[in-house]
Structure formats: structure tokens, C-alpha cells
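Chemist: With the sequence up front, the predicted model follows.
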Amino acid sequence: MIGVGLDVSLVVADRPCAGLDVAARAHVQAVLLDRRDYGGFTDAFEREAYSGALSRLLTDADVDLVAMAGFGTVVTATVHAALPGRILNTHPSLLPAFPGWHAVAAALDAGVTETGCTVHVATAALDDGPVLARRRVPVHDDDNERALHERIKVVERELYPRVVGRVMAALARGEEPTSVAETEDG
């Protein structure tokens, strides 16, 4: 277990990060599937090769559910086909508003009065897929990107593990992950 009461069998990162150290300290298998080995963050990035390697890694580990958080690599349909409907993502906006890596900055640039976080079933389309839960976070007049993102993370750290736990319970009952979707933003 890694501090949230959920059984975690594998942590995979696409670049060196603190999550790998947290996993190692918790005696959870930690794997760096480094983008640099596939062209890094350049136009030479071999997305399909990387996605194939990730897919093999997850299936060889017999993973039931993937909970992405801060994984900055957009993967191809290969990964989603290996774990159909079993990949969750958290995103720092109220999707479908502000998809992509710079969602918090985009919300500030748009001048919205609220944003938040969304937990959804990931699909091959970026920041798309059935929404499982959302929580609203107000945007303050004096917010900057860092301050707003930190407030969103506070909400996300409560919401995401709770939704992951509900999805794991649904899977154990033979239900689809979408069966746990909340009907209101709350």
C-alpha cells in the first residue's frame, strides 16, 4: 500500500520522478519506462514503440487497473486496447473544458471563475472518456498558476483515491468502471 489505502502492485513513470522513490520505499515494484529511450520529448519520439512497451509491461504484470497521475506521455490505442476501460486519469480542470497539459494556465487565461478536477476513464483521445467524478475549485482574483494548481491538487488527492477504490470494488463485483460515476459535480 502506498499511503492511500489502495493496493498498488506497480508504479510506472515516463521520466525520473519522486513517485518512483515513494514506490520503492513502500516495497512496490517501480519501473522507469523512460521516454528518453524512445526519442524523448522531441519530434523523434517513437510513440507507438513506447506504447507497445508500456502495454507489454502492464499486461505482463497482470495489472487490473491503471490510475494515471502526472504521466505526461500520450499513449496510443495499443495501451487502451490492452486494458479496455481500465485506465483512469485525473485532470486539473472540469473536462471537457481545458484539456491538455496546461489546463490550469488555460483556465486562468480564459478568466473563468471556477475550475476543478475531473477523474475519467482514459481513452485514446486526449482528456476524453467517461467522467467518473468532478469537483469544483473556485478561481480567486489573485490566483496565479501555481496557487490555483495547488488548491486543485488538494481536492484531487481526496477525490482520486476514493474513485479508484470505488472502481476497484466495481471490478471485483464484475461491473464496469463507469458504474461508479457520480451524477453530480458535488
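Modeler: Structure received.
Chemist: Could you find the closest non-adjacent residue to Tyr179?
Modeler: Rather than Tyr, residue 179 is Ser. Ala170 (5.0 Å; CB to CB, 6 or more residues apart in numbering). (C-beta placed from N, C-alpha, C; glycine too.)
Chemist: buried set for whichever strand or helix holds that neighbour?
Modeler: Using DSSP states H and E, Ala170 sits within helix 145-172. For helix 145-172, the buried set under the neighbour-count rule, 16 or more other CB atoms under 10 Å, comprises 148-149, 151-153, 155-156, 159-164, 166-168, 170-171.
Chemist: swap in stretch 45-59?
Modeler: Within stretch 45-59, the residues that qualify as buried by neighbour count (16+ other CB under 10 Å) are 45, 50-55, 57-58.
Chemist: Pick out the most distant pair among those residues.
Modeler: Phe45 and Leu58 (19.4 Å; CB to CB).
Chemist: Which neighbouring residues are in contact with the nearest residue to Phe98 once chain neighbours are set aside, exactly?
Modeler: In space, Phe98 comes closest to Ala106 once its chain neighbours are excluded; the distance is 4.4 Å by CB to CB, 6+ apart. Under the criterion of CB atoms under 8 Å, 6 or more residues apart in numbering, the contact partners of Ala106 comprise 93, 98, 100.
Chemist: Output the helix or strand Ala106 falls within as CSV - backbone C-alpha positions only.
Modeler: Here Ala106 sits within helix 103-110, counting by DSSP H and E. Coordinates of the C-alpha atoms in helix 103-110 are reproduced here as CSV (Å, rounded to 0.1, in the frame of the first residue of the first chain):
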residue,chain,number,x,y,z
ALA,A,103,-5.1,23.2,-18.2
VAL,A,104,-4.6,25.5,-15.2
ALA,A,105,-2.9,28.2,-17.2
ALA,A,106,-5.6,27.9,-19.8
ALA,A,107,-8.3,28.4,-17.2
LEU,A,108,-6.6,31.5,-15.8
ASP,A,109,-6.1,32.9,-19.3
ALA,A,110,-9.8,32.3,-20.0
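Chemist: Any idea how far the helix holding Ala170 is from the middle of the chain?
Modeler: Offset of helix 145-172 from its chain centre (CA atoms, centre = their mean, to the nearest Å): 9 Å.
Chemist: Begin at 379 from now on, thanks
Modeler: Happy to do that; since the first residue is 379 now, the last one works out to helix 523-550.
Chemist: what angle sits between it and helix 481-488?
Modeler: Interaxial angle, helix 523-550 versus helix 481-488 (axes from the mean of the first three to the mean of the last three CA atoms, to 10 degrees): 130 degrees.
Chemist: Quick one: list the elements packing against helix 523-550.
Modeler: Where contact means 3 or more CB pairs under 8 Å, 6 or more residues apart in numbering; DSSP states H and E, helix 523-550 is packed against strand 465-469, helix 481-488, strand 492-499, strand 509-516.
Chemist: got the contact list for the shortest one?
Modeler: The contact list for strand 465-469 (CB under 8 Å, 6+ apart) reads 443-447, 457-458, 477, 481, 495-500, 505, 507, 510, 534, 537-538, 541-542, 545, 555.
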